[in-house]
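1. Need coordinates for the following:
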Amino acid sequence: MSEEFIDKDLGKIAIIRNVRAKSVIARRKSGYIQLTVPDRFSMKQISEVFQKMKPRLEVLPEKPVIKFSADSSFQTFSFLLSIEERKIKNHYMTLKDGTLYIVCPENTDYNDSGVQDVIRNCIEKAMRYEAKRIFPAKLTALAKQYNFTYTDLKINKSRSRWGSCSSKKAINLSYFCCVLPEYLIDFVMLHELCHTIEMNHGERFWQLLDSVTNGKAKQLTLELNKSQVHW
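-> Below is the predicted model of the structure:
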């Protein structure tokens, strides 16, 4: 069940509990602020952290939202988006030859939030399909190239983490990695493969990651950290 409270200055504050979260992370959404908090935090702890964060939250910029229309230009590493209008009653999508075609009824109102949700859901469905189709072979090839072993690969829809690796060497990759250029997708995979040997981010981890990225571990990490999922 979702939790929320109303702040007299900032309005609605939505709380998302995450068992993997180690600290409180704030994001401004459309019309409210979302707090991702460690699952064990009590409401009292959340309130105390919120009050300390509040001065910064008051100037926190709203996360940009991509608005899609027939004129939109949007591309993932494996497909280009094309939005068309035809004399139909319902939206539909087709992924063919590297293009995701989303067909909308004539005179669609792209300012309608419901329309935006339909288009985003279509894109996410295509990204999930492409991730499941392409990521396993890419991960296997990188593991073989650099002599790593892993036990499993799962594709998830995490917006806050590109990937993760369990103590059992099982790797999770977000299908939102599809918004990254291919060399950063490879870097995410190499990052998680390095965790099959070094589970923390200590010196030996960075040395290992440097060894498989031509000494560019920190540079690529900074570039990855600047990348975001905008919806």
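2. now the strands for the protein?
-> 3-7, 11-18, 25-29, 32-38, 80-86, 92-96, 99-105, 152-156, 163-165, 170-174 (DSSP state E).
3. would you turn these into TSV with mean pLDDT and mean neighbour count?
-> Backbone N, C-alpha and C define where each C-beta goes, glycine included. TSV is the format used below for the strands of the chain (pLDDT from 0 to 100; neighbours: other CB atoms under 10 Å):
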stretch	mean pLDDT	mean neighbour count
strand 3-7	87	13
strand 11-18	89	15
strand 25-29	81	15
strand 32-38	88	19
strand 80-86	95	14
strand 92-96	96	13
strand 99-105	96	18
strand 152-156	97	15
strand 163-165	96	20
strand 170-174	97	21
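4. In CSV, list those along with distance to residue 126.
-> Putting the strands of the chain into CSV (distance: least, CB to CB, whole Å) gives the following:
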stretch, distance to residue 126
strand 3-7, 32
strand 11-18, 25
strand 25-29, 24
strand 32-38, 25
strand 80-86, 9
strand 92-96, 5
strand 99-105, 5
strand 152-156, 13
strand 163-165, 20
strand 170-174, 15
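5. Out of the ones you listed, which is closest to residue 188?
-> Ranking the strands of the chain by proximity to residue 188 (CB to CB) places strand 163-165 first, at 4.9 Å.
6. what are the pairing partners of the helix-or-strand element of the chain with minimal mean pLDDT, and which direction each?
-> Counting by mean pLDDT, DSSP states H and E, the chain has its least confident helix or strand at strand 25-29, which shows a mean of 81. As defined by DSSP bridges, the strand partners of strand 25-29 come to strand 32-38 (antiparallel).
7. where in this structure is pLDDT low?
-> Scanning the chain for pLDDT under 70 picks out the ranges 1-2, 30, 60-66, 230-231.
8. in it, which residue is closest to the centre?
-> Centroid check for the chain by CA atoms, centre = their mean gives residue 159 as the closest residue, at 3.0 Å.
9. From residue 174, how far out is the nearest residue in space to it that is not next to it in sequence?
-> Once flanking residues are discounted, residue 159 sits nearest to residue 229: 5.0 Å by CB to CB, 6 or more residues apart in numbering. Distance from residue 229 to residue 174, counting by CB to CB, to the nearest Å: 8 Å.
10. Need the residues touching each of these two.
-> Applying CB atoms under 8 Å, 6 or more residues apart in numbering, one finds that residue 229 and residue 174 are jointly contacted by residue 159.
11. Is the closest residue to residue 22 other than its chain neighbours bridged to anything, and to what?
-> Nearest-residue entry for residue 22: residue 38, 6.4 Å, with adjacent residues in sequence omitted and distances by CB to CB, 6+ apart. Note on residue 38: beta-bridge partners residue 18, judged by DSSP bridges.
12. And for residue 155?
-> Under the criterion used (DSSP bridges), residue 155 bridges to residue 173.
13. pretty sure it is touching residue 135, no?
-> Yes - if you go by CB atoms under 8 Å, residue 155 and residue 135 touch, sitting 6.5 Å apart.
14. Need the overlap of contacts for those two.
-> Joint contacts of residue 155 and residue 135 (CB under 8 Å, 6+ apart) are residue 173.
15. So which other helices or strands are in contact with the longest helix belonging to the chain?
-> For the chain, the helix with the greatest residue count under DSSP state H is helix 113-146. If you count contacts as 3 or more CB pairs under 8 Å, 6 or more residues apart in numbering; DSSP states H and E, helix 113-146 packs onto strand 92-96, strand 99-105, strand 152-156, strand 170-174, helix 182-195.
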